[in-house]
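Enquirer: following is a predicted model, sequence given first.
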Amino acid sequence: MRVLPALLIFSAAICNAAELTPGRWEGVVRIPERDLTVVVDLDRGAGNDWMGSITVVGLDIKGAPLSDIVMKAPEIAFSAQTAPPPRGLQATFKGKLDSSGMLSGSFIQAGNTAPFSLKRTGPPDVEAPPRNTPVAKDLEGEWRGGYELNGYKREVTLQLANQPGGATAEMVVVGKRTTKIPMDTVTQEGDFLSLQSHGMGMNYEGRFGKESHEIKGIFGQGPLEIPLVFHRGVAPKTQTP
Amino acid sequence: MRSALIGIIFFLAIHFAPAQSMFRGDPAHTGVYAGTAPRQFHRIKWKFTTGDRVFSSPVASGKVLYFAGDDGNVYAVDIGNGRQVWKHATAGPAPSTPAVDGGSVYVCSYDGRLYAFNAQSGALKWKFATGGERRFEAKGIHGLKPRNQTIADQFDVFLSSPVVIQGTVYFGSGDGNLYAVDANSGELRWKFQTGDVVHSSPAYADGALYFGSWDSRFYAVDAVTGKERWRFQAGEDPLIHNQVGFQSSAAVVNGVVYVGCRDSNLYALDVATGKEKWRFNNEGSWVIASPAVKDGKVFFATSDSSLYRVVDAATGKSLLRDDTKAYVFSSPAIAGDVVVYGVLNGTLQARDVNTGTLLWEYQTEASKANKGWVLSSERKFNGPLLFHSPWREAATVAVDRQFNIGAIFSSPLILNGIVYFTSTDGSLYALE
């Protein structure tokens, strides 16, 4: 007799939970006195694994990739990390999907927890993370440059290499200390080379001069924008911003 | 004989009474108060609420506390019960700490005027117009964008707090001047021009005033003539104007000027020559708080790196450091073996002077509410939800949110075992 109610409850729970199918969910995270508008896309990728992206209006987050996606009906959990802390947003959603397609639960960020509720609005449109492009043969190899900041000279070496998945880049800045900056995004569009290190909040955007054989651009270091010109294997010429 | 005795007692009362009637306790701005501060937090004795945020620090004269608010009012509050004695409006926000001397209260307002009120009644005695107030500003300041846009510095939160010496009121102004004004008449005695905003408060010692300007220089000026004695050149930042300027007010002790700077150094300068004795570098972090100096040690705190620090007054060698969790603009106040300061995350922290051990913390209700998740669960600033964009008004909105969680900018006043401080939640607190 005790088994029957238990089976009924179990069956009801299954019927109330929606099937976890790919989709787009839109809604809000209710932070005290500050609602965050959120769009989440979840889809199945190669190998049937779940993948997803998130947009948070007002926080400059558009199509950031989701990670740690766990879908065990009706439980859903996923995380978003736009850059390593403390710079980037690192947040986790833990919720349940109900039969109406509403996904609700807890949003956890910086140790704080707030409720969220997202409504299924249509098919998914997961944004692919940016991919590195190959760089031209002329750009491959080692480049050297330098700049001066707050009275201190820095020497910079840039290594560019083509790999099967796109180009890789590493910048090494030698000043009072040596800083290695692995660039996680490397793209070349025409003469323009763009490098980004989201983790360290640094970037470089330069233009390759085919005749001058130099890359002339701006090195962004947090709030600073510093002119930086790279030359082929020559002693660096220090520039003052 | 009796009159002579009374005379001696009166002299002693004037010269050795606990100094609490101006910013940092005394004209030399040592930040040291008589008596002792509580080593344990027991309760809020009372709370007095104004109409807007408060950055001004409380000062005491007799049984009355004085401070000013961003609602434009100057307040006199009964020290025993926290009830209003009087208030008087100025025509602008007043993030300046009043000075009380000779029965008058002197305070600066963003309307560009120095006010003098009767300390007992609150009646206006006179007001003196400067060349006008403004905040420090620069193109693309702190890396904000558009880069070619002149932007006011959101962290230039204080106005200069007057110091009163021998019938003259001295204070700095956003018009770049240090002013000397007759305390009785409000007439100008002299003014000394610097190259940018002066919102630090002049310290007085040995017949001179010591203060820094946002022009990146620190000055010693003769108190009588207004002539420059020396100047000291600190760091500059032509790129984003972040690592430049003196916002900290100096403390002058035993022939040495101690002052923090936005170039991230704490400086020790010879009071007679301005020659640098030592500097303590804080690796890019501003030193906005004014240092306190006691028993051969300098006590200060940093903003960006959020550290409480103690260094040797003679050598600048580090003696203690600890995490404050968030920016500190509040200047440490020392009474007995306790040092107390406010933090921008809305907590007041009390530490043992000798060991640096955190004795107690008080957290404002606004900080506990943590609207908009300005803070992490560890009470650190929640960067990703605050500063997500350098463009247009985003940083202004972020700083406004940051300030609205009961942040404590004021320098605590410690008197008879009670700690008085103000908060951006609009209140003056008395804790015991």
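Expert: Yes, it's here.
Enquirer: can we go C-alpha only for contacts and neighbour counts from here?
Expert: OK.
Enquirer: how long is stretch A:168-182 from one end to the other?
Expert: Stretch A:168-182 has an end-to-end distance of 9 Å (C-alpha to C-alpha, to the nearest Å).
Enquirer: for stretch B:268-287, same thing?
Expert: 13 Å.
Enquirer: list the buried residues in that stretch.
Expert: Neighbour counts over stretch B:268-287 (16 or more other C-alpha atoms under 10 Å in any protein chain shown) mark B:268-271, B:274, B:278-282, B:284-287 as buried.
Enquirer: list the contacts of that stretch.
Expert: Stretch B:268-287 is contacted from outside by B:220, B:229-232, B:243, B:248, B:252, B:255-267, B:300-305, B:315-317, B:329, using C-alpha atoms under 8 Å, 6 or more residues apart in numbering or on different chains.
Enquirer: among those residues, which are in strands?
Expert: Mapping the contacts of stretch B:268-287 onto strands (DSSP state E) picks out B:220, B:229-232, B:252, B:256-260, B:265-267, B:300-301.
Enquirer: show me the residue at the heart of chain A, geometrically.
Expert: The residue lying closest to the centre of chain A (C-alpha atoms, centre = their mean) is residue A:82, at 4.1 Å.
Enquirer: do you know how far that one is from chain B?
Expert: 9 Å (C-alpha to the nearest C-alpha, to the nearest Å).
Enquirer: you'd agree residue A:228 is up against residue A:221?
Expert: No - with contact defined as C-alpha atoms under 8 Å, residue A:228 does not count as touching residue A:221 (11.6 Å).
Enquirer: how many other residues sit next to residue B:357?
Expert: Other residues near residue B:357 come to 13 when the count uses other C-alpha atoms under 10 Å in any protein chain shown.
Enquirer: swap in residue B:312?
Expert: So residue B:312, with other C-alpha under 10 Å, has 16 neighbours.
Enquirer: looks like it contacts residue B:297 (just checking).
Expert: Yes - between residue B:312 and residue B:297 there is a contact at 4.8 Å, judged by C-alpha under 8 Å.
Enquirer: can you check the pLDDT for the closest residue to chain A within chain B?
Expert: In chain B, the residue that lies nearest chain A is residue B:143 (4.3 Å; C-alpha to the nearest C-alpha). Residue B:143 is assigned 93 on the pLDDT scale.
Enquirer: now do residue A:21
Expert: Note on residue A:21: pLDDT of 89.
Enquirer: and for residue B:190?
Expert: Per-residue pLDDT puts residue B:190 at 98.
Enquirer: host element of it?
Expert: Element membership for residue B:190 (DSSP states H and E) is strand B:188-193.
Enquirer: quick one: contacts for the residue in chain A positioned nearest to chain B?
Expert: Closest residue of chain A to chain B, C-alpha to the nearest C-alpha: residue A:223 (4.3 Å). Contacts for residue A:223 (C-alpha under 8 Å, 6+ apart) come out as B:142-144, B:240.
Enquirer: what pLDDT is listed against residue A:129?
Expert: The confidence metric pLDDT takes the value 87 at residue A:129.
Enquirer: how about it, what does it touch?
Expert: Residue A:129 makes contacts with A:63-65, as judged by C-alpha under 8 Å, 6+ apart.
Enquirer: could you tell me which of these belong to strands?
Expert: Among these, the ones falling in strands (DSSP E) are A:63-65.
Enquirer: which ones among the residues you listed also lie next to chain B?
Expert: Among those, no residue sits close to chain B (C-alpha under 8 Å from any C-alpha of the partner chain).
Enquirer: now, which of these sits nearest residue B:66?
Expert: Within these, the smallest distance to residue B:66 is 51.7 Å, found for residue A:64 (C-alpha to C-alpha).
Enquirer: the closest one and residue A:41 touch, don't they?
Expert: No - in this structure, residue A:64 is not within contact of residue A:41 by C-alpha under 8 Å, at 10.2 Å.
Enquirer: any idea of the pLDDT on the residue lying closest to the residue of chain B closest to chain A once chain neighbours are set aside?
Expert: The spatially closest residue to residue B:143, leaving aside those adjacent along the chain, is residue A:223, at 4.3 Å (C-alpha to C-alpha, 6 or more residues apart in numbering or on different chains). If you check residue A:223, the pLDDT there is 86.
Enquirer: same check on residue A:208?
Expert: The score at residue A:208 is 96. That number is its pLDDT.
Enquirer: then residue B:16?
Expert: For residue B:16, the model assigns a pLDDT of 36.
Enquirer: before we move on, what SS does the residue nearest to residue A:208 when sequence neighbours are not counted have?
Expert: Residue nearest to residue A:208 in three dimensions, not counting chain neighbours: residue A:215, with 4.4 Å by C-alpha to C-alpha, 6+ apart. Three-state call for residue A:215 (DSSP: H, G, I helix; E, B strand; the rest coil): strand.
Enquirer: next one: residue B:397
Expert: Here residue B:397 is helix, with the state taken from three-state DSSP.
Enquirer: now do the contacts for it.
Expert: Contact analysis of residue B:397 by C-alpha under 8 Å, 6+ apart lists nothing.
Enquirer: what residues does chain A have near chain B?
Expert: A:31-34, A:59-60, A:86-89, A:109-112, A:150, A:223-224, A:241.
Enquirer: which parts of the stretch 101-250 of chain B are helices?
Expert: Secondary structure of the stretch 101-250 of chain B (DSSP state H, counting those that start in this stretch): no helices located.
Enquirer: which stretches of the stretch 1-150 of chain B have low pLDDT?
Expert: B:1-19 (pLDDT under 70).
Enquirer: interface residues of it facing chain A?
Expert: Residues of the stretch 1-150 of chain B lying close to chain A (C-alpha under 8 Å from any C-alpha) are B:142-144.
Enquirer: name the nearest of these relative to residue B:32.
Expert: Of all the residues of the stretch 1-150 of chain B next to chain A, residue B:32 sits closest to residue B:142, with 33.5 Å by C-alpha to C-alpha.
Enquirer: shouldn't the closest one be in contact with residue B:241?
Expert: Yes - contact criterion C-alpha under 8 Å: residue B:142 and residue B:241 qualify, at 6.3 Å.
Enquirer: and residue B:289, what element?
Expert: For residue B:289, there is no helix or strand it lies in under DSSP H and E.
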